[in-house]
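*Asks:* A predicted structure for the sequence below; I have some questions about it.
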Amino acid sequence: MRLAFPVAIAMLLWGGLCFAQQAPSERPDTNDAPPRSAQSDESPSDPNVSSSRDTRIDISPPKNDSKDHPESNAPGFDDAANPSADGGGDVTEAHVWNPYRATKDDEVGLFYMKRHNYKAALARYQDALASKDNYAIAHFRMAQCFEKLDQPQEAVEHYKAYLKILPHGPFAKDAEKSLARLQKTVAAK
């Protein structure tokens, strides 16, 4: 037992001495540059130059893009991707498409509708349509909100949008009935 402690210290010292006597190429050095891929003849040989410069691509919009896609500056597109209404931004046709967010907006909108807070529900359904184009359920529920808010013209537009997307959908009969009733109201005004 008395001999075990000095033997352990001697082994540690001997191990440290062996490590110190290793060749420099065998010793790990934390100051070494990270390994790089082999440089081609065309690329610069400077190790500080990134290889990503060799693969740059042109991402500018094609000629006549704004004429071919006039809807790209329409409201409802992401403001971060569309910084100016005149199409002067870098990306003029980016659109956020997020069906998960649209479904969540629909769920929260339904919560507000059950609480008779139709303005808040309407805002959530508008967000749902911004996240997922042609979201039929959002059109149907927006029409219901507009109907409750006494805005029959807007309700008619959204009922028609729902029936255009899902003519035989789960709410098609309700939409047709409401549409027939509201069109009479709108025609009377």
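*Replies:* Great, that's in hand. Numbers count the residues shown, from 1 in each chain.
*Asks:* Any stretches of this protein with poor pLDDT?
*Replies:* Regions of the chain meeting the criterion pLDDT under 70 cover residues 1-2, 16-30, 32, 34-58, 71-95.
*Asks:* switch to 50 and redo it
*Replies:* Under the criterion of pLDDT under 50, the regions of the chain flagged as low confidence span 43, 77-85, 87.
*Asks:* where along it do the helices fall?
*Replies:* With DSSP state H applied, the chain shows helices at 4-20, 65-68, 99-114, 118-131, 136-148, 152-165, 172-188, listed in chain order.
*Asks:* Columns distance to residue 59 and mean neighbour count on top of those, output as TSV?
*Replies:* C-beta here means a position set from N, CA and C on the backbone, and glycine is covered the same way. Supplementary listing: those in TSV, determined by distance: least, C-beta to C-beta, whole Å; neighbours: other C-beta atoms under 10 Å:
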stretch	distance to residue 59	mean neighbour count
helix 4-20	52	9
helix 65-68	12	11
helix 99-114	26	16
helix 118-131	24	21
helix 136-148	32	23
helix 152-165	33	19
helix 172-188	42	14
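*Asks:* Tabulate those in CSV, adding columns for distance to residue 31.
*Replies:* As requested, these are arranged in CSV below (distance: least, C-beta to C-beta, whole Å):
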stretch, distance to residue 31
helix 4-20, 18
helix 65-68, 49
helix 99-114, 46
helix 118-131, 49
helix 136-148, 58
helix 152-165, 62
helix 172-188, 70
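*Asks:* Can you check which of the ones you listed gets nearest to residue 33?
*Replies:* Nearest to residue 33 among the helices of the chain is helix 4-20 (23.1 Å), distances taken as C-beta to C-beta.
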